[in-house]
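J.: fold the following and give me the result.
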Amino acid sequence: MPNFLEVIIRSIISIVVLLFLTRLMGKRQLSQITFFDYVVGITIGSLAAFISSDLEANWLHGFTSLFIWALIPILFGYLALKNKKFNDIVEGNATVLIKDGKIMEENLKKERYAGEELLEQLRLKNVFSVADVEFAVLEQNGEVSVLLKKDKQPLTPSDLQMKPAPVKEAQTVILDGKIMLEPLKAAGLSVRWLHTALDKIGVSLDNVYLGQVDSYGQLYVDLYNDNITVPTPQELPLVLATLKKCQADLESFALETTDQKVKQEYEMNAKALQQVIEQVTPYLQQK
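T.: Residues are numbered from 1 along each chain as shown. Predicted structure coming up:
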């Protein structure tokens, strides 16, 4: 067999085996892997390259070594799930670097972590003052997790005793000028509705690269022609304006009627609707 043909065959087999082994080893983002995972990955890649190109080496021995390097981490991962001490040995422990705004110098030395590196990691998380940090931990994968002090944390709806409206995943209903029927169905909408929405903003389907429907039923489009300005969706402001008009009409009816019972009913409903408007206004105002 010619050498170049053998290299091709070995490379194809190596790629297939690597794909199988990586699927077997599980999914982890690059930022989540530990140093041990990193070393194992490099070694497995080197072995695969060695098997593909070194024609003098026994390919069976190479694949045996490849499988061992892949299966041992899988075994370690299984044992780490079952035994906390074994997990500490293999994965290591998280290390506290800052506590109550105070840098733990001994822990920095233990992890061979320079002070400038710590400040850099804090800046990457938009933290520029150590005094603002309640807790900072060096995780097993080398990432620094930061918890700000309570008075330095951004306000959340729960802090303001507000209950935000539930937000669903935006559905991509148009991609590359083609209607995506399954996402459109998941959004509870029809093709007819989509064409009507496009007509409202004066856009043709073949000029739309991407179209998404948010949880409020508003259609956002990105066009092939960037020189065309797409009108901002007006559904939410229109709903708010309609509610305000209804409330104003109820107050007007209350002033016009002479029947006291009907007048009280109009006033009560106008007041109730006003409370509803105050609650939904933050969600219906145009951003």
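J.: now residue 257: how far from residue 265?
T.: 9 Å (CB to CB, to the nearest Å). Just so you know, the C-beta spots here come from the backbone N, C-alpha and C atoms, and that holds for glycine as well.
J.: swap in residue 113?
T.: 70 Å.
J.: helix, strand, or coil at residue 221?
T.: Look at residue 221: counting by DSSP: H, G, I helix; E, B strand; the rest coil, its state is strand.
J.: does it touch residue 210 like I think?
T.: Yes: with contact defined as CB atoms under 8 Å, residue 221 reaches residue 210; the gap is 6.9 Å.
J.: what do these two both touch?
T.: residue 174 (CB atoms under 8 Å, 6 or more residues apart in numbering).
J.: what about these two, which has more around it?
T.: Neighbour comparison, residue 221 and residue 210: the larger count goes to residue 221, with 20 against 15 (by other CB atoms under 10 Å).
J.: so the closest residue to residue 128 other than its chain neighbours versus residue 154, what's the distance?
T.: Among residues not flanking residue 128 along the chain, residue 122 sits closest, at 7.2 Å (CB to CB, 6 or more residues apart in numbering). Counting by CB to CB, the separation of residue 122 from residue 154 is 16 Å.
J.: who has more neighbours, these two?
T.: Using other CB under 10 Å as the criterion, residue 122 and residue 154 rank with residue 122 on top: 20 against 6.
J.: tell me how far the more buried one lies from residue 136.
T.: When distance is defined by CB to CB, residue 122 is 7 Å away from residue 136.
J.: residue 133 reaches residue 147, doesn't it?
T.: Yes: with contact defined as CB under 8 Å, residue 133 and residue 147 form a contacting pair (7.2 Å).
J.: so which of these two has more stuff around it?
T.: More crowded of residue 133 and residue 147, by other CB under 10 Å: residue 133, with 22 against 13.
J.: check which helix or strand covers the nearest residue to that one once chain neighbours are set aside.
T.: Spatial nearest neighbour of residue 133, excluding adjacent residues (CB to CB, 6+ apart): residue 98 at 4.8 Å. Using DSSP states H and E, residue 98 sits in strand 95-99.
J.: residues in contact with that strand?
T.: 103-104, 107-108, 110-111, 113, 118, 130, 133, 135-138, 144, 146.
J.: inside helices: which ones of the residues you listed?
T.: 107, 108, 110, 118 (DSSP state H).
J.: are any of these buried, and which?
T.: 107, 108, 118 (16 or more other CB atoms under 10 Å).
J.: nearest to residue 246, of those?
T.: residue 118 (57.3 Å; CB to CB).
J.: that closest one touches residue 109, doesn't it?
T.: No: in this structure, residue 118 is not within contact of residue 109 by CB under 8 Å, at 12.0 Å.
J.: what residue ranges in the chain score low on pLDDT?
T.: 1, 25-35, 57, 87-92, 160, 162, 164-167, 230-236, 238, 283-287 (pLDDT under 70).
J.: name all residues that make contact with residue 67.
T.: Contacts of residue 67 (CB under 8 Å, 6+ apart): residue 21.
J.: give me the neighbour count for the residue nearest to residue 133.
T.: 24.
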